[in-house]
Each structure stands twice: as structure tokens, then as C-alpha cells.
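Engineer: sequence first, predicted model second:
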Amino acid sequence: MTTPAYPPKPSPGDRIAVISPGAGLPGLFPRPHELGLERLRKEFELEPVEYPATRKMGSTPQERADDIHAAFADPDIKAVIATIGGDDQITVLPFLDRKLIRANPKPFFGMSDNTNLLAYLYNTGIVGYHGATVMTALGRPVAMDPLTASPCGPPCSPRASTNCGPPSAGTTSTATGRIPRPSTPNRRLVPAPAGPG
């Protein structure tokens, strides 16, 4: 196993890639997507950068892999966040260039079917963060969940200092990931003991 890389987390003013590795649902549901982008700008002080397949329903696995490659290869992009999950994401994995991604480690934030990409990154030696996506947590109508938006509560908000306390085991405020929960546990996975027979 490769020693995991812990890429630096984004800071205010940084550019963050917004991709749809599983489904281009922002094209069908633009309101929560636009709200999520607005909150990335205003609440987290990050500059979202979209890619060709971000809003494209029916994009091919190769098109979505191209977006992932472009996001990781761009030195001006400091982190990558998914718009939403999508069960077609698993079809993207065979098209990914492990060497390109490993050579350009960045924090990746996503949940649900983004677990596929989180596992891929872990196996590539890059720590990702299981948590909010643009459309679900950041694009929530009326207000973000208090656990996403709070100045300092379990888990800590994107604006919280690192002295805020330990990370929570649930969904975290991952847009800037000041204190996120890594997808890689600090323990080894041990196979279950063989049962009788």
C-alpha cells in the first residue's frame, strides 16, 4: 500500500473543481446547484469551476473521467467536490488515469455513490473526504444544515479554526474541509474470521 497523501485543504480565495462523476443532475435541477455554487462563493469564499459534463445528463463515462482528469491536472484547482452522487459513477473508474491523479493529489469531497471515487482515490494513495455535495448539503433550500453551517459545533464548520474540536463521524462540512472526516480510517481493515464449516 502506498503511503496516503493528505493534500492541503482549500483556503478562502482558492478555486475548487465542481464535477458530476455520477450524473449531470445540475442540468435537470439547476436551482439547488446554483444555490450550492453561491454558498461556495459567499459562505466558504471559494471560486467554483465547472467542467463540460458537470451539467450534462447522459454524458459518457469517458467525458466524466475527462473532467476528473482536468480537475486533478489543473494546478490552479486546489480541491474537487462532487455535485451529487449517481449510481453510474462506477462506470467511470475504468477510464481513470491513476498515475495522473496520484501525481496531482487534491482533496476530493463527496458522499453517497461518490464512495466509488473515494475508494479509488484511497487505493491510489490519496485521502478523500466523505461528506457534503454541492446540490444536497450546500444547495439545501432555505438554509444549510446547522452541522454544515455552524461556526463551531460537531462537526466544525468551514470557517472554524482547527482548535474547534474533534471531527464527527457523520456528514461533515466539507467545502473547505478544515476538520473533515477522512475516508481512510486510522486502523487496518481485518477480514472477518472464517465461520464454521
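Structural biologist: Perfect, thanks for sending it. Remember, predicted model here, so these are calculated numbers, not experimental data.
Engineer: going forward, measure contacts between C-alpha atoms and count neighbours the same way
Structural biologist: Will do.
Engineer: which strands and helices lie in contact with the helix or strand hosting Leu37?
Structural biologist: Counting by DSSP states H and E, the element that carries Leu37 is helix 30-42. Applying 3 or more CA pairs under 8 Å, 6 or more residues apart in numbering; DSSP states H and E, we find helix 30-42 packed against strand 47-50.
Engineer: nearest residue to the middle of the protein?
Structural biologist: Centroid-nearest residue in the chain: Phe109, 1.4 Å away (criterion: CA atoms, centre = their mean).
Engineer: who does the helix or strand hosting that residue pair up with?
Structural biologist: According to DSSP H and E, Phe109 maps onto strand 108-110. Note on strand 108-110: by DSSP bridges, its sheet partners are strand 77-82 (parallel), strand 129-130 (parallel).
Engineer: what mean pLDDT does the longest one get?
Structural biologist: Right, the one you point to is strand 77-82. Per-residue pLDDT values across strand 77-82 average out to 97.
Engineer: from the chain's centroid, how far away is the helix holding Leu37?
Structural biologist: Mean C-alpha position of helix 30-42 versus that of the full chain (CA atoms, centre = their mean, to the nearest Å) differs by 15 Å.
Engineer: touching, the residue nearest to the centre of the chain and Ile81? I think so.
Structural biologist: Yes - with contact defined as CA atoms under 8 Å, Phe109 and Ile81 form a contacting pair (4.6 Å).
Engineer: low-confidence stretches in the protein?
Structural biologist: 1, 150-197 (pLDDT under 70).
Engineer: still on that earlier bit, so who does the residue nearest to the centre of the chain touch?
Structural biologist: For Phe109, the contact set (CA atoms under 8 Å, 6 or more residues apart in numbering) comprises Val80, Ile81, Ala82, Gly128, Tyr129, His130, Gly131, Ala132, Thr133, Thr174, Ala175.
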